[in-house]
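>>> here you go, sequence then predicted model.
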Amino acid sequence: MSAAMVNGIPDRPPARRPGGRNARVRAQILAATAELVARDGIAGFRYEDVAEVAGVHKTSVYRNWPDREELVVEALLRYAEDLASVADTGDIHRDLVDFLLALAGGLETPFGRTLAQAIQPASHHSTVQALTKVLDQRVAAMQRRVDTAVDRGELPPVDSSFLGEMISGPVHLIVDRGMRPFTRKDAERIVAVVLAGFRATAPNV
């Protein structure tokens with residue numbers, strides 16, 4: 001007897017795992033939103049466009065995200081993780097260089113440029129304010145790596161937040177100007193100068 005038959009009567013199909021199909025639909029919608037924000041900017045996309053790119057019905061978009069700003073923020077938070085990652089190889093100099101290269105690569109994409117423009121301090125839109133979470137999420141990983149380096153003795157006690165600002169600022173400057181690509185040599189020089197400065201000014205214990 002087939003596993004799908006009970007007493008000769010077709011049984012109901014196995015129940016779907018909770019959230020299975022809906023999770024896929026949500027992922028498609030978030031991916032489509034990130035794509036459209038990168039292409040058209042935060043103010044330029046419509047739910048109709050999201051549904052078309054995602055390959056779902058418009059009601060699916062409204063049902064999952066009745067608030068347009070929440071959709072934008074969740075999509076950017078999810079996909080901004082690719083802007084930069086921080087490895088832990090045991091070599092803080094190398095890890096920060098790789099971080100800067102990943103950051104520059106992300107900022108040079110249409111999505112990265114849109115994100116950078118969206119979080120300019122001059123803007124006061126509520127969506128923009130919420131998008132500060134994107135930067136917080138990205139910077140937090142780098143700060144944890146710096147704190148680990150301090151604990152291991154790779155660096156003297158430092159303000160990890162300030163160190164992050166010091167090394168990432170030049171990346172934004174070079175990428176935003178768009179006059180030349182950001183290179184590993186740039187990253188090496190920035191990290192070397194900043195770390196040397198922190199080591200030279202660390203109080204003697």
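Received, thanks.
>>> so who does S168 touch?
S168 makes contact with 100, 103, 139, 142, according to C-beta atoms under 8 Å, 6 or more residues apart in numbering. (Glycine included, C-beta is placed from N, CA and C.)
>>> give me the three-state assignment for it.
Classification of S168 using DSSP: H, G, I helix; E, B strand; the rest coil returns helix.
>>> quick one on the thing from earlier: for E69, state which of the contacts of S168 is nearest.
E69 lies nearest to V139 out of the contacts of S168, by C-beta to C-beta, at 22.3 Å.
>>> give me the element that closest one is part of.
Secondary structure assignment for V139, by DSSP states H and E: helix 132-152.
>>> picking that back up, lowest-confidence member of the contacts of S168, which is it?
Ranked by pLDDT, the contacts of S168 bottom out at V139, which has 72.
>>> pretty sure that residue contacts G164?
Yes - the pair V139 / G164 is scored as a contact, 5.3 Å apart, by C-beta atoms under 8 Å.
>>> those two: who's more crowded?
With neighbours defined as other C-beta atoms under 10 Å, V139 and G164 compare such that G164 has more, 21 against 17.
>>> shouldn't the more buried one be within a helix?
Yes - applying three-state DSSP, one finds G164 inside a helix.
>>> give me the buried positions along the strand or helix carrying V50.
Element membership of V50 [criterion: DSSP H and E] is helix 47-54. Going by neighbour count (16 or more other C-beta atoms under 10 Å), the buried part of helix 47-54 is 47, 49-51, 53-54.
>>> which helices and strands sit right next to that helix?
helix 20-40, helix 58-64 (3 or more C-beta pairs under 8 Å, 6 or more residues apart in numbering; DSSP states H and E).
>>> which one of those has the poorest average confidence?
helix 20-40 (a mean of 86).
>>> number of nearby residues for G20?
10.
>>> could you measure from it over to R63?
Counting by C-beta to C-beta, to the nearest Å, the gap from G20 to R63 is 16 Å.
>>> same check on S160?
41 Å.
>>> show me which of the two is the more surrounded one.
Taking neighbours as other C-beta under 10 Å, S160 and R63 compare with S160 leading, 20 against 11.
>>> state the pLDDT value of the more buried one.
So S160 comes in at 88 (pLDDT).
>>> now for G44: which residues touch it?
L36.
>>> repeat that for the one 5 residues further on.
The neighbourhood of D49, defined by C-beta under 8 Å, 6+ apart, consists of 32, 36, 40.
>>> same check on V158?
146, 150, 198, 202.
>>> can you tell me the SS state at it?
Per three-state DSSP, V158 ends up coil.
>>> dihedrals phi and psi, it?
phi -140, psi 160 (degrees, to the nearest 10).
>>> okay then, goodbye and thanks.
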